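Q: Need a 3D model of the sequence below.
(2 chains)
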Amino acid sequence: MAEKILMKGNEAIGEAAIVAGCRHYFGYPITPQTELTEYMARRMPQVNGVFLQAESEIAAINMVYGAAGAGARAMTSSSSPGISLKQEGISYIAGAELPCVIVNIQRGGPGLGSIQPAQSDYFQATKGGGHGDYHCIVLAPNSVQELVDVTVESFDLADRYRNPVLILGDGALGQMMEPVEFRASVATVVEKPWAAVGMKNRNQPNIINSLHLKADEQEQHNHKLQARYAAITASETRCEELYTDDAELTLVAYGITSRIARTAVEKARGEGMKVGLFRPISLWPFPSDQLFSTASRTKAFLTIEMSAGQMIEDVKLAIRCSKPVYFYGRYGGMIPSPREIYHEIVKIFDGKGGR
Amino acid sequence: MAEVLFSRPKSLLDIPMHYCPGCHHGIIHRLVAEVLDELNVRERTIGIAPVGCSVLAYEYFNCDMMEAAHGRAPAVATGVKRVLPESVVFTYQGDGDLAAIGCAEIIHAAVRGEKITTIFVNNAIYGMTGGQMAPTSLESQVTTTSPYGRKLSESGMPIRMSEMISTIDGAAYITRVAVNNPANMAKAKSSIKTAFQLQMSGAGFSMVEVLSTCPTNWGMTPLEAVKWLEQNMIPYYPLGVFKTPEGVAKV
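A: Purely as a prediction, here's the structure:
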């Protein structure tokens, strides 16, 4: 059993990446994720790794493209406006079938926005973000320990599916300190016969590419990607449920918001209201089947987000609009309080909830 | 017994190229391939192709290749070289790719003294998209987006990338060549070879700018295009070595 240490979320992600065998980090400072970049600057030389501060987010993601194409476990991180800049590269990485890990510690937007926590990049993260038909695997932890566990797993998932994995956190998660444990782990070694590492004794060059000039070839490539997304959807949905067995009202929340919602749920339960909590951990693939099965047991849903309402669309799709879905959101960098959420619960039980 | 005096370099695949008649990309590809053969580094080389006319370069070179987003080849090359420091990494970029959208990436690769080699093909126009103005288009040059000729009052002066990059400390070897005649082709090949050798010796960033023709989009015959290059491009983009590390003559 490893000892527990107190760590900031951003730094814990960095250490977890190193545990996972990541030795190439390319980044650019932006609040509220800069501690991760700084942590990698300190730690990478100590583990014979490469830390490089790029001239821009655009350059950083393209350095990841090169490093991943050369067979390395590579990572970059940023916050909302920086992730927008990285979208071009992420689309290319998805198109070229390269495994890598991208961290988005979100802040308020649009534009330069605020530097406080937000969840307003949900659409961008889960619906593509860049151009073309593609998906990143999107994982949304809700504690510093889970940040660690998810980061380690992300590198395996990326390699297994040859697909980018996006860790979607927020400023609160990145900045808060909690005790974490780094379980003894041996980095998985994955053969990458497709990597461009120099031909050595190979007869054919390896080409890393996302260009298919002929429409039928591009369609074939998209068929291949879609089949992969179907396989990921079948195997990699993750969620957590609390009191959903007998809940008349089921809250749906992810990331830091799920912890605030949980406090409200416990208070309401204490007062006899049958309330449950459904927490998606994988935002893409969204745990639609699991949420749909709760719909047969509950009377209504209440989606809580630090946005004007983005995940709510996936919630409605997942339950096939079979039950009312109420919404409560704060945004721009504002964090909902347990009290606010509790009041929303009471309003719904009193028949005064807003949809 | 017959003796083979001239054959295809091993580093170039036997595939028909898509380039227009009179375009210099084919010659420049061949020179790079000959250098990779002569240095015997093909099996540890990774080339990075650009967006633009040479977007399909990865289909022609017989070495591992990556295709980069428009302008980002130096960043991609940086990622590769940092993973595989013993490899030989080159980018092959046109003027739109390197001097416009990718200006930041090439400057900062040079600033870092990134141990890569860039082959910069400058034909003063956007070829792939059909002849639009490039940052390198000359004053008064007519293109589809400068139909009345490039006006300096609107678009500024054509950018001289080799001169600019040669002011950067991390740049080890910056040279401008042309392939308009056999003598210049020999000089171009020699420069390309030096650039790769300096990369391998760890000297820093190396770039060979190659002036090139675009008969199709210039609206000329191949011979007229060579003449136009000699009369208009070379006076504004003088050939020569702009930067060498100390002792480069001995390499």
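Q: give me phi/psi at residue B:93?
A: When read as degrees, to the nearest 10, the backbone of residue B:93 gives phi -140, psi 150.
Q: nope, residue A:301 is what I was after
A: Dihedral angles for residue A:301 - degrees, to the nearest 10 - are phi -120, psi 150.
Q: One more: residue A:181?
A: Backbone torsions for residue A:181, taken as degrees, to the nearest 10, come to phi -130, psi 130.
Q: Correct me if wrong: it contacts residue A:4.
A: Yes - assessed by Cβ atoms under 8 Å, residue A:181 is found in contact with residue A:4 at 5.1 Å. The C-beta positions use only the backbone N, C-alpha and C, and glycine is treated the same way.
Q: residues near the residue nearest to residue A:288 when sequence neighbours are not counted, how many?
A: Spatial nearest neighbour of residue A:288, excluding adjacent residues (Cβ to Cβ, 6 or more residues apart in numbering or on different chains): residue A:318 at 3.8 Å. The local packing of residue A:318 (other Cβ atoms under 10 Å in any protein chain shown) involves 25 other residues.
Q: and stretch B:129-142, what's its mean pLDDT?
A: Over the span of stretch B:129-142, the pLDDT mean works out to 98.
Q: give me the low-pLDDT residue ranges for the chain?
A: Because you didn't say which chain, this covers chain A. Low-confidence segments of chain A (pLDDT under 70): A:1, A:354-355.
Q: should've been chain B
A: By pLDDT under 70, the low-scoring segments of chain B are B:247-251.
Q: Now do the contacts for the residue in chain B positioned nearest to chain A.
A: Closest residue of chain B to chain A, Cβ to the nearest Cβ: residue B:79 (2.5 Å). Residues in contact with residue B:79, defined by Cβ atoms under 8 Å, 6 or more residues apart in numbering or on different chains, are A:24, A:26, A:62, A:63, A:64, A:65, A:66, A:67, A:68, A:69, A:70, A:74.
Q: And the residue nearest to it when sequence neighbours are not counted, how far from residue A:139?
A: In space, and not counting its chain neighbours, residue B:79 is closest to residue A:66: 2.5 Å by Cβ to Cβ, 6+ apart. To residue A:139, residue A:66 is 24 Å away according to Cβ to Cβ, to the nearest Å.
Q: Looking only at neighbour counts, state which of the two leads.
A: Legend: neighbour count by other Cβ under 10 Å for residue A:66 and residue A:139, higher for residue A:66 (33 against 28).
Q: List the residues that contact the more buried one.
A: B:48, B:66, B:75, B:76, B:77, B:78, B:79, B:80, B:81, B:82, B:83.
Q: Could you pull out the helices in the chain for me?
A: Going with chain A. A:9-19, A:34-43, A:57-69, A:80-95, A:122-126, A:144-161, A:171-175, A:215-235, A:255-270, A:288-295, A:311-318, A:338-349 (DSSP state H).
Q: Hmm, no, I was thinking of chain B.
A: So, for chain B - with DSSP H - the helices run B:25-39, B:57-60, B:73-83, B:95, B:103-111, B:152-155, B:161-165, B:182-200, B:215-218, B:222-228, B:234-236.
Q: out of these, deepest packed?
A: helix B:73-83 (a mean of 30; mean count of other Cβ atoms under 10 Å in any protein chain shown).
Q: Give me every residue in the stretch 1-150 of chain B that's in contact range of chain A.
A: Contact residues, the stretch 1-150 of chain B versus chain A (Cβ under 8 Å from any Cβ of the partner chain): B:42-46, B:48, B:55-56, B:58-59, B:61-69, B:72, B:75-84, B:87-88, B:104-105, B:107-108, B:111.
Q: if we can go back for a sec, which single one of the contacts of residue B:79 is nearest to residue A:85?
A: Using Cβ to Cβ, residue A:62 is the member of the contacts of residue B:79 that lies nearest residue A:85, at 10.8 Å.
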